[in-house]
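# from the sequence below, what's the structure:
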Amino acid sequence: MDDSPITNKYFIITFITMGEKAYHTDEQLHNNRLRYYFESFGKLTIAKVVEYAYVLNWSGRQVFNLGFGDYDAAKNTILDDTESNNNDAYAVFNTVLYTIPAFFQKYPKAVLFVQGSDSTEEFVEKCKRSCKRNCADDVCKKKGRRIAAYTGYVNKNYEDLRNNYVFKGLLEIGTTPEDYTVGSKYEAVLVYRN
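Predicted coordinates for the structure are as follows:
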């Protein structure tokens, strides 16, 4: 893999601002799982992967979950609950965003399901066991930070993004998706092309 961030000057479908740094990715499709592998270069070199995994059909469309995390090559697994703190968060985040239009080029009629791995009750229970933030018993300060990053990006760029994409928000998992409202706090977001 390339050992430096790339500058994406010719991005066809706007998902990141032109000129922002993102890492080079290697694409692999296997068993309804589309993966984009890349390396994070900061304090360390860390293998990462963005995965789009088919989960179900919804309204006649295939739904894929967006997964992301450190890549354990020995076990071929994604560690989506780690915090690398590798001093390249923007390049990593932009790389994840960069893969979204590439995903929709392969699956133009698909729906993308985005939920942070830190939004689940399992995350909260695990976090409580090693809490360093003195969270109250019923409140976890780390819960929902990842979906907040994604929705923060959508909120900031919504007017441009809605020209090519439809966004639906889920206030809670298991509820009916609603039309996306900038500023609402969602547990998950559905995205598909217009």
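
# just the helices from this structure, written as ranges.
Counting by DSSP state H, the chain has helices at residues 89-106, 121-129, 145-161.

# relative to Tyr52, which of those is closest?
Nearest of those to Tyr52, taken as Cβ to Cβ: helix 89-106 at 5.1 Å. For the C-beta atoms, the positions are set from N, CA and C on the backbone; glycine is no exception.

# could you check the angle helix 145-161 makes with that closest one?
Angle of helix 89-106 versus helix 145-161, following axes from the mean of the first three to the mean of the last three Cα atoms, to 10 degrees, is 60 degrees.

# thought Asn57 was touching Val63?
Yes. Look at Asn57 against Val63 with Cβ atoms under 8 Å: they come within range, at 6.8 Å.

# contacts for the longest strand that the chain contains, please.
Taking DSSP state E as the criterion, the chain has its longest strand at strand 45-58. Identification of contacts with strand 45-58 by Cβ atoms under 8 Å, 6 or more residues apart in numbering yields 3, 23, 25, 32-40, 62-71, 73, 78, 84, 86, 92, 95-96, 99, 103, 107, 111-113, 190.

# among those residues, which ones are buried?
The neighbour-count test (16 or more other Cβ atoms under 10 Å) marks 23, 25, 34-40, 63-71, 78, 84, 86, 92, 95-96, 99, 103, 107, 111-113, 190 as buried among the contacts of strand 45-58.

# average pLDDT for stretch 158-178?
Stretch 158-178 shows a mean pLDDT of 93.

# may I see the buried residues of it?
Buried-residue list, stretch 158-178, by 16+ other Cβ under 10 Å: 158, 161, 165, 167-170, 177.

# tell me the one among those nearest to Asn194.
Proximity of those to Asn194 was ranked by Cβ to Cβ; the top entry is Tyr165 with 6.6 Å.

# what is that closest one paired to in the beta sheet?
Under DSSP bridges, the beta-bridge partners of Tyr165 are Arg193.

# identify the residues contacting it.
Counting by Cβ under 8 Å, 6+ apart, Tyr165 has contacts 191-194.

# out of these, which is most surrounded?
Most neighbours among the contacts of Tyr165, by other Cβ atoms under 10 Å: Val191, with 21 neighbours.

# for that residue, which non-adjacent residue is closest in space?
Closest residue to Val191 apart from its sequence neighbours, by Cβ to Cβ, 6 or more residues apart in numbering: Leu112 at 4.4 Å.
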